[in-house]
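> sharing a sequence plus its predicted fold:
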Amino acid sequence: MILRLAGRALNFGTRRKLTRYETTARRILSLEADHRRLSAGALRDRVAELRQQVRAGTPLDEIKEEVFALAREASHRALNQYPVPAQIIGALALHDGCIAEMKTGEGKTLTATLVCALHALTGEGVHVATPNDYLAERDAGWMRPVYNLLGLSTGVITQEMDDDSRREAYRCDITYGIASEFGFDYLRDNMKFSAAETVQRGHAFALVDEADATLIDDAGMPLALFGPLGDHSGFYQAIDAVIASLQPSHYEIDSRRRVALTEAGYSEVEQRLREQGLLKASTTLHDIGSISLLHHVVQSLRAHAVLVRDRDYVIENSGVTIVDRLTGRPMPGRRYDEGLHQALEAKEGCAIGEETHTLAAITFQTYFRRYARLAGMTGTATADAEEYNEIYGLDVISIPTHRLMIRIDESVLHATAAGKMRAILRDLEDAASRGQPVLIGAPSIERSEALAAMLEANGWRQRHAQTERDATARTFAVLNAKHHAREAQIIAEAGAPGAVTIATAMAGRGTDIRLGGEHADEAARARVIAAGGLLVIGTTHHDHGRMDEQLRGRAGRQGDPGRSIFHASLEDEFLTNAAISVPRPDQNAPVAPAVATRLIRAAQKRHEIRSFDRRLGLLRFDAIIQRQREEFYDLRRNIRDGNDTLTLATRLRHETIDDLIDRFAAPAAPWDIAGLDHAVRSVLTLAVDINPPSADPKAAAQALAQHIRAMADRWIDGKIACMGESMFVDILRRVMMALIDHLWSEQSDRLDHLKRRIGDRRLPPHKVVAEFQLEAFALFERMIADFRREVTAYAMRVGILPT
Ligand code: ADP
Ligand code: MG
């Protein structure tokens, strides 16, 4: 009951928005006649005028109707297509910062031009993010003529570009690019040594196409820049020697093959690590400063206690090769990450591979939340509405299709996998005999290969060459989202009479399937329509209902006839992995439709909640890391741009002195005069007379700090006088930048290790994030303290050779 009400409330809100958009869309359409009369020059001049107005402060909302109308006119002239009301409504929703759900083939690419043209007028840059290179280039190339008529420039960011071309592309009014490259450019920009080297101009407005792929599926996937770490084999071998000598009482393995040291194990390992000089006498593995060491200890423990030779991995060519758990096949070239592979190599006495480490990393979630305004479009969004809202603060609006959808959707739940396969083959043969094109969906690459093998066993033949156009003689093509451009080509042909195509969810994304084929003549189209349009066969349900929808959505585009049928079975993984109770199969008959619907929904709900929770958890960690990252990048930018380097250096020096006083001359305990003397010499290169405090230790400590500061300041002033301020500042700036990058990359590694190890502590779920935050903060403070100490130590020592 409550659910139904909530559902209606949501619909009501959406309805109201749609009604408003419809009214606006009508006004925009009514401008068509006027704009049709404008000369090319007048069209462009008007846009330039509007751009001036926006610069002068006119809000986009005031001019959006006119800009949309101008963009429609440009589209008409450049592409001979007037954006239809559904597209105008979609663009209005995008302008409002929504996720616009528009079905496949509705023309999202063109829809985007309306809102991009509008936001381009701010002069702050518009980023259109796509899931791959192919789509970025295709869409930019396709829409450039429209933008050109409006006097707006278009750029593309692809993987292989150098910085100069990137900078140029970002300077354009509208920049298309792969989502991941936008993120990488942000990371790389924050490692540059001068503002002039950066490529991005800022993060004003981003439009994410195929939003579900980027903002949901890959949301938590870190975009990481790696750098070589060099040879650390000694380190791995030393840890390996420690772990190899442990007794079974030193560790425990739980039912999920997770391993942890026992208390006895901790003391043993700590003792041995101290002997090896890997752990300082005064610290333990539990100290936050030891997090990376602990991480490698745990990895080595996994290598020894959990992973078994000839089951999990084999030794081939004197190296460690991982074995696929499902197929039992060795997978040369694949490596375990996070130091586990090196731990295994140490265990087996193999040569230890060079390691890379994270220089900087960010997730899509965190990156796209940086934009002042974010919008997205996709064919299927409603099922993820909650997640878009919770994570990105975006509302989902489902835009009604331009033409009525007449696709027929069915779903059958078979008792057994064998029964399911028979039904799939029957449907395929039936469609093929009538020349109806068929798209068969597989949940994974392995499944699509298995399907291909099944077809081949039944007298079908796989078409490999793209040129092989003979689709009539029981042949099929297989796509698996590896070669975007080639797959786009094949999928564009998937609507040809008699074509049979097996594809995974991501394959050929962004390309719509036209009935009859890509450049179909009327006869081919008519033949396919007579055969019932495209038939989509699902070979199991996906963990996520959205994936089912995506597959179905390939058929019935723009009011075309079409049909979709899902064949699943009680033995399918999406059911068995969901841990819901399933009725005992009756070998002969499919499950009753009402029961089947309920089961499928329940299993998908279970999976969806699980993955949502996981992503939300990741985001919480990432939000904490992002706060540090931003603070860090701020500091770095200040140094890079040379804002008052001397003042900063003085502050860092004074704080370093305070740190030393706090540590060695705390009021609560007797002063550690020897320690302080040593530290002042080694950090500051100064020799200071230190006497024990007589009366008031606090006042004495302050006086001492003052004294040391004054000495250090004099020393620095002397240096500046001798080498000149500008040279001193320049050297200092370079040192600070190098240090800051080094420290941040170490910090990134440590945060990553902390993220992975925090689960070992078996904390109650609600405490995990709080604990992470606390420890991450402690690590941050330590890093900043290291930074000021090292900068100070360097500044006190810097000198130049006499010429
Ligand atoms: P989507 O991304 O929504 O799946 P596309 O942007 O790839 O759809 O467009 C699908 C097809 O519809 C393209 O061939 C495009 O040229 C066509 N199309 C889009 N909008 C219009 C329009 N207003 N008038 C005519 N054809 C259109
Ligand atoms: Mg598209």
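Yep, it's here. Numbering: from 1, shown residues only. Ligands and ions are numbered 1, 2, ... in the order given.
> in the chain, what residue is nearest ligand 1?
Residue nearest to ligand 1 within the chain (CB to the nearest ligand atom): Gly107, separated by 2.6 Å. (C-beta placed from N, C-alpha, C; glycine too.)
> let me know the helix or strand that the residue nearest to that residue when sequence neighbours are not counted is in.
Distance criterion CB to CB, 6 or more residues apart in numbering; nearest residue to Gly107, sequence neighbours excluded, is Gln87 at 5.5 Å. Assigned by DSSP states H and E, Gln87 belongs to helix 85-95.
> likewise Thr358?
strand 355-363.
> ok, Val320 next?
strand 319-323.
> buried sites along that strand?
Buried residues in strand 319-323, defined by neighbour count with 16 or more other CB atoms under 10 Å: Gly319, Val320, Ile322, Val323.
> hey, what's the first one bridged with?
In this case it means Gly319. Glu316 (DSSP bridges).
> next: the last one.
Residues in a beta bridge with Val323, per DSSP bridges, are Pro330.
> which residues of the stretch 351-500 of the chain fall in strands?
Using DSSP state E, counting those that start in this stretch, the strands assigned to the stretch 351-500 of the chain run over residues 355-363, 373-378, 395-398, 408-414, 438-442, 461-462, 475-479, 500-504.
> quote the end-to-end distance of stretch 535-543.
22 Å (CA to CA, to the nearest Å).
> going forward, count from 731.
Sure, I'll start numbering at 731, so the last one becomes stretch 1265-1273.
> show me what contacts the nearest residue to Gln1334 once chain neighbours are set aside?
Among residues not flanking Gln1334 along the chain, Gly1275 sits closest, at 4.7 Å (CB to CB, 6+ apart). The contact partners of Gly1275, taken as CB atoms under 8 Å, 6 or more residues apart in numbering, are Ala1113, Arg1331, Gln1334, Glu1338.
> helices of the stretch 1281-1430 of the chain, start to end?
Taking DSSP state H, counting those that start in this stretch as the criterion, the stretch 1281-1430 of the chain contains helices spanning 1303-1306, 1323-1370, 1375-1394, 1403-1414, 1427-1453.
> for the residue of the stretch 1181-1330 of the chain found nearest ligand 2, helix, strand, or coil?
Nearest residue of the stretch 1181-1330 of the chain to ligand 2 (CB to the ion) works out as Gly1240 at 4.3 Å. Here Gly1240 is recorded as coil under DSSP: H, G, I helix; E, B strand; the rest coil.
> neighbours of it, just the number please.
Using other CB atoms under 10 Å, the number of residues around Gly1240 comes to 22.
> what's the answer for the one 3 residues further on, then?
For Ile1243, the number of neighbouring residues by other CB under 10 Å comes to 27.
> was I right about it contacting Gln1288?
No. Using CB atoms under 8 Å, Ile1243 is not in contact with Gln1288, being 10.8 Å away.
> related to what we said a few turns ago, how near is the residue of the stretch 1181-1330 of the chain closest to ligand 2 to Gly1268?
20 Å (CB to CB, to the nearest Å).
> check which helix or strand the nearest residue to Ala801 once chain neighbours are set aside maps to.
Spatial nearest neighbour of Ala801, chain neighbours left out: Ala847 (4.4 Å); criterion: CB to CB, 6+ apart. In this structure, Ala847 is located in helix 838-850 according to DSSP H and E.
> ok, whichever helix or strand comes after that helix near ligand 1 or not?
Later in the chain than helix 838-850, the nearest helix or strand by DSSP H and E is strand 856-860. No. Interface with ligand 1: strand 856-860 contributes nothing (CB under 6 Å from any ligand atom), its closest point being 10.2 Å away.
> what's the helix or strand following strand 856-860 packed up against?
Per DSSP H and E, strand 856-860 leads on to helix 863-879 as the next helix or strand towards the C-terminus. For helix 863-879, the packing partners by 3 or more CB pairs under 8 Å, 6 or more residues apart in numbering; DSSP states H and E come out as helix 770-785, helix 790-809, helix 838-850, strand 856-860, strand 884-887, strand 904-908, helix 1214-1222.
> wait, which of the ones you listed is closest to ligand 2?
Nearest to ligand 2, of the helices and strands packed on helix 863-879 and by CB to the ion, is helix 838-850 at 4.6 Å.
> who are the packing partners of that closest one?
Against helix 838-850 (3+ CB pairs under 8 Å, 6+ apart) you get helix 790-809, helix 815-825, strand 856-860, helix 863-879, strand 904-908, strand 935-939, strand 1103-1108.
> what's the mean pLDDT across it?
Summarised as a single mean, pLDDT over helix 838-850 is 98.
> and that helix with helix 863-879, angle?
60 degrees (axes from the mean of the first three to the mean of the last three CA atoms, to 10 degrees).
> and for the closest residue to Asp1114 other than its chain neighbours, the neighbour number?
The shortest distance from Asp1114 to any non-neighbouring residue, by CB to CB, 6+ apart, is to Ile946 (5.3 Å). Ile946 has 27 neighbouring residues, counting by other CB under 10 Å.
> make CSV out of the strands of the stretch 1081-1230 of the chain and add distance to ligand 1 and mean neighbour count.
What follows is the strands of the stretch 1081-1230 of the chain, written out as CSV (distance: least, CB to the nearest ligand atom, whole Å; neighbours: other CB atoms under 10 Å):
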stretch, distance to ligand 1, mean neighbour count
strand 1085-1093, 25, 20
strand 1103-1108, 8, 24
strand 1125-1128, 13, 21
strand 1138-1144, 19, 18
strand 1168-1172, 15, 24
strand 1191-1192, 27, 13
strand 1205-1209, 17, 21
strand 1230-1234, 15, 25
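> in CSV, list these along with distance to Ile1259 and mean pLDDT.
Shown next, in CSV, are the strands of the stretch 1081-1230 of the chain (distance: least, CB to CB, whole Å; pLDDT from 0 to 100):
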stretch, distance to Ile1259, mean pLDDT
strand 1085-1093, 45, 77
strand 1103-1108, 27, 96
strand 1125-1128, 27, 94
strand 1138-1144, 14, 94
strand 1168-1172, 15, 95
strand 1191-1192, 27, 92
strand 1205-1209, 22, 91
strand 1230-1234, 18, 92
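> can you redo the ones you listed as TSV with distance to Val1038?
Below are the strands of the stretch 1081-1230 of the chain laid out as TSV (distance: least, CB to CB, whole Å):
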stretch	distance to Val1038
strand 1085-1093	24
strand 1103-1108	43
strand 1125-1128	47
strand 1138-1144	37
strand 1168-1172	32
strand 1191-1192	37
strand 1205-1209	35
strand 1230-1234	32
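> closest to ligand 2 out of those strands?
Using CB to the ion and comparing the strands of the stretch 1081-1230 of the chain, the one that lies nearest ligand 2 is strand 1103-1108, at 7.8 Å.
> would that closest one count as contacting ligand 2?
No. For strand 1103-1108, no contact with ligand 2 is found by CB under 5 Å from the ion; the gap never falls below 7.8 Å.
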